[in-house]
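[1] sequence-free structure coming up:
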């Protein structure tokens, strides 16, 4: 934003990595800021406890890391046992769980195939081994492996 007189000013939005809230401030052009140092570590999901806390094993140091349910923020339905994913750290604390955009899941429960329903693009609900429920094509059966887009929550293709 350029003004008639004086130095140009810039409006910047900041996101608080710990709380998740956004702040908007205006600064003079050329002002310097300290960069937030975030770190991504590959981890493997191991289990969750009765309080909803999820436990991951750091793939590099093999240490167990506990993550509170509020940090997972709705992604827990895509986390399957043994899944490899990334934990994002800021100042030694986990601030985000990054699930892979595409992952192979097993169909653990779905209604049986009905002959004749495959022509019109028939879909049916299916429960995956992670606990998520998505719509899948009618020709898929229980026990099959499928690739799912975890961003959209949609069936992509049969796993090869």
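    Done, it's in. It should be emphasised that the depicted structure is a prediction, and the values quoted were computed from it without experimental measurement.
[2] doesn't residue 154 make contact with residue 146?
    No: with contact defined as C-beta atoms under 8 Å, residue 146 does not count as touching residue 154 (10.6 Å). (C-beta placed from N, C-alpha, C; glycine too.)
[3] so for those two, which residue has more residues nearby?
    residue 146 (20 against 11; other C-beta atoms under 10 Å).
[4] state the pLDDT value of the more buried one.
    We have a pLDDT of 94 for residue 146.
[5] what residues are bridge-paired with it?
    Going by DSSP bridges, residue 146 is paired in beta bridges with residue 105, residue 158.
[6] excluding sequence neighbours, find me the nearest residue to residue 157.
    Excluding the flanking residues, the one nearest residue 157 by C-beta to C-beta, 6 or more residues apart in numbering is residue 147, at 5.0 Å.
[7] try residue 144
    The shortest distance from residue 144 to any non-neighbouring residue, by C-beta to C-beta, 6+ apart, is to residue 107 (5.3 Å).
[8] against which helices or strands is the strand or helix carrying that neighbour packed?
    For residue 107, the host element (DSSP states H and E) is strand 102-110. Contacts defined by 3 or more C-beta pairs under 8 Å, 6 or more residues apart in numbering; DSSP states H and E place strand 102-110 against strand 123-128, strand 145-149.
[9] and the first one, how far out from the chain middle?
    Centroid separation for strand 123-128 versus its chain: 20 Å, with C-alpha atoms, centre = their mean, to the nearest Å.
[10] check stretch 78-98 too.
    Distance of stretch 78-98 from the chain centroid (C-alpha atoms, centre = their mean) equals 9 Å.
[11] now do the buried residues in it.
    For stretch 78-98, burial by neighbour count (16 or more other C-beta atoms under 10 Å) applies to 78-80, 83, 85-89, 94-97.
[12] show me these that map onto strands.
    The members of the buried residues of stretch 78-98 that map onto strands under DSSP state E are 85, 86, 87, 88, 89, 94, 95, 96, 97.
[13] now the fifth one: closest residue in space that isn't a chain neighbour?
    Residue nearest to residue 89 in three dimensions, not counting chain neighbours: residue 39, with 4.5 Å by C-beta to C-beta, 6+ apart.
[14] the last one now?
    The spatially closest residue to residue 97, leaving aside those adjacent along the chain, is residue 72, at 5.2 Å (C-beta to C-beta, 6+ apart).
[15] next: the first one.
    Across the structure, with C-beta to C-beta, 6+ apart as the measure, the residue nearest residue 85 apart from its sequence neighbours is residue 99 (5.4 Å).
[16] cheers, nothing more for now.
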